[in-house]
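K.L.:
for reference, the sequence and a predicted model appear below.
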Amino acid sequence: GGIITQTPKFLIGQEGQKLTLKCQQNFNHDTMYWYRQDSGKGLRLIYYSITENDLQKGDLSEGYDASREKKSSFSLTVTSAQKNEMAVFLCASSSGPQDTQYFGPGTRLLVL
Amino acid sequence: GDSVTQTEGLVTLTEGLPVMLNCTYQSTYSPFLFWYVQHLNEAPKLLLKSFTDNKRPEHQGFHATLHKSSSSFHLQKSSAQLSDSALYYCAFNTGNYKYVFGAGTRLKVIA
């Protein structure tokens, strides 16, 4: 078994601020994902990384940057936080296409 | 483009009644289908996924059958339990690492 760790658990930012969310996995999975979860909108893909040093944009990449520092870690940066923004950001990993995705507990973002 | 449509919003059921959560998909290619479940304050986790053959996946009393003719993968259970209350996501993957999720259906089971 393995685990996905996301830090921080809660993130409160100011409008216009650059905010970074971190994700670590010890499954030794090649592929990692960042999703945004909003009520009634499901999970929307922001960025994914097929292998170390790879980055692919998802459907919601505008306003975000990502970095795959090493196989086990994947960071997401909100480039300019929007006022009153509230969402949960979920990190996931999998060993390959069509394989099960394993999710982290999420980072809850609130922008004042 | 690729998309998933699920039963909208909140489904409220009395314990013991059958569960059916609808999922239909639109995809150019023949996808793999998944159901994920997310209990309150927990991470989503896999409930079941479609097979390449005609086997029907089952887990924790839930099952789903992939019908390619109608592009559907509805989730069913014969008798709802209070512990089934959760948010359910249908998703698919077309083999290119990218998953497409539906909006989610919240199931609430009452005594």
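P.N.:
Done, it's in.

K.L.:
around chain B, pick out the residues from chain A.
P.N.:
A:4, A:31, A:33, A:35, A:40-45, A:48, A:50, A:56, A:58, A:90, A:96-98, A:100-106 (C-beta under 8 Å from any C-beta of the partner chain). C-beta: built from backbone N, CA, C; applies to glycine.

K.L.:
out of those, which end up buried?
P.N.:
Buried members of these, counted by 16 or more other C-beta atoms under 10 Å in any protein chain shown: A:4, A:31, A:33, A:35, A:42-45, A:48, A:50, A:56, A:58, A:90, A:98, A:101-106.

K.L.:
what is the neighbour count of residue A:92?
P.N.:
By the other C-beta atoms under 10 Å in any protein chain shown criterion, the neighbourhood of residue A:92 contains 26 residues.

K.L.:
so where does it fall, helix or strand?
P.N.:
Assessed by DSSP states H and E, residue A:92 sits inside strand A:86-94.

K.L.:
and residue B:83, helix, strand or coil?
P.N.:
Secondary structure for residue B:83, judged by DSSP: H, G, I helix; E, B strand; the rest coil, is helix.

K.L.:
what does the helix or strand bottoming out on mean pLDDT in chain B contact?
P.N.:
Every helix and strand of chain B was ranked by mean pLDDT, DSSP states H and E. The lowest is strand B:58-59, at a mean of 76. Residues from elsewhere that reach strand B:58-59 (C-beta atoms under 8 Å, 6 or more residues apart in numbering or on different chains): B:47-48.

K.L.:
ok, then the element right after the strand holding residue A:92?
P.N.:
strand A:102-103.

K.L.:
off-centre distance for the helix or strand that that following strand is followed by?
P.N.:
Next along the chain after strand A:102-103, taking DSSP H and E as the criterion, comes strand A:107-111. With C-alpha atoms, centre = their mean, to the nearest Å as the basis, strand A:107-111 stands 12 Å off its chain's centre.

K.L.:
strand A:107-111 packs against which elements?
P.N.:
On a contact count with 3 or more C-beta pairs under 8 Å, 6 or more residues apart in numbering or on different chains; DSSP states H and E, strand A:107-111 meets strand A:10-13, strand A:19-25, strand A:86-94.

K.L.:
who does the helix or strand residue B:90 falls within pair up with?
P.N.:
Residue B:90 belongs to strand B:86-93 when assigned by DSSP H and E. For strand B:86-93, the paired strands and their directions (DSSP bridges) are strand B:32-38 (antiparallel), strand B:99-101 (antiparallel), strand B:105-110 (antiparallel).

K.L.:
format those as a markdown table; extra columns: mean neighbour count and mean pLDDT.
P.N.:
Below are the strands paired with strand B:86-93 laid out as a markdown table (neighbours: other C-beta atoms under 10 Å in any protein chain shown; pLDDT from 0 to 100):
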| stretch | mean neighbour count | mean pLDDT |
| --- | --- | --- |
| strand B:32-38 | 23 | 93 |
| strand B:99-101 | 24 | 91 |
| strand B:105-110 | 17 | 96 |
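
K.L.:
for residue B:13, find the nearest of those strands.
P.N.:
Nearest to residue B:13, of all these, is strand B:105-110, at 5.3 Å by C-beta to C-beta.

K.L.:
what residues does the closest one touch?
P.N.:
B:6-15, B:19, B:21, B:80-88.

K.L.:
generate a PyMOL selection restricted to the buried subset of those residues.
P.N.:
The PyMOL selection below is limited to those of the contacts of strand B:105-110 classed as buried (16+ other C-beta under 10 Å):
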select buried, chain B and resi 6+7+11+13+19+21+80+84+85+86+87+88
